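*Asks:* build me a structure from this.
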Amino acid sequence: VIACGYAFFWQGRVYHGSDIAHVRFKALSDKDIDAYLATGEWEGAAGAYRIQWKGKSLVESTEGSEATMLGLPQEKIFAIIGTDCAR
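*Replies:* Numbering: from 1, shown residues only. I've put the predicted structure just below:
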């Protein structure tokens, strides 16, 4: 489970909230794990993987917003500020 919170000031008001996404990993062998660790992309990453890069190969399934998985629930924020995030 990935929980992501946000808070920001917009047009004289403070907005805050959160979103949740789910990531299920594949059954990984020691070889799979060692190969991913060798990439170095996990360094400095929340959860020690980056789903947007090679870390995606470790994932079996996801549920929820990919933006939330990356750390910023854009759809919720853009709904508040009136911007279409599909642009």
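*Asks:* residues contacting the most centrally placed residue in the chain?
*Replies:* With distances taken as CA atoms, centre = their mean, Met69 lies nearest the centre of the chain, 1.5 Å away. Taking CB atoms under 8 Å, 6 or more residues apart in numbering, we find Met69 in contact with Ile2, Ala21, Val23, Ile51, Thr62. To be clear about C-beta, it is placed using only N, CA and C from the backbone, and glycine gets the same treatment.
*Asks:* ditto for Gly5
*Replies:* His16, Gly17, Ser18.
*Asks:* returning to that earlier point: could you dump the helix or strand harbouring the residue nearest to the centre of the chain to CSV, C-alpha only?
*Replies:* Of the helices and strands defined by DSSP states H and E, Met69 is found in helix 66-70. The C-alpha coordinates for helix 66-70 follow below in CSV (Å, rounded to 0.1, in the frame of the first residue of the first chain):
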residue,chain,number,x,y,z
GLU,A,66,0.3,5.9,-11.1
ALA,A,67,0.9,9.5,-10.0
THR,A,68,0.1,8.5,-6.4
MET,A,69,2.6,5.7,-6.8
LEU,A,70,5.2,8.2,-7.9
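*Asks:* name the next helix or strand downstream of that helix, please.
*Replies:* Using DSSP H and E, the next helix or strand after helix 66-70 towards the C-terminus is helix 74-81.
*Asks:* identify the residues contacting that following helix?
*Replies:* With CB under 8 Å, 6+ apart as the test, helix 74-81 has contacts from Tyr6, Phe8, Trp10, Tyr15, Gly17, Asp19, Ser65, Ala67, Asp84, Cys85.
*Asks:* top strand in this structure by residue count?
*Replies:* strand 13-25 (DSSP state E).
*Asks:* now that strand against helix 74-81, angle please.
*Replies:* For strand 13-25 against helix 74-81, the angle by axes from the mean of the first three to the mean of the last three CA atoms, to 10 degrees is 160 degrees.
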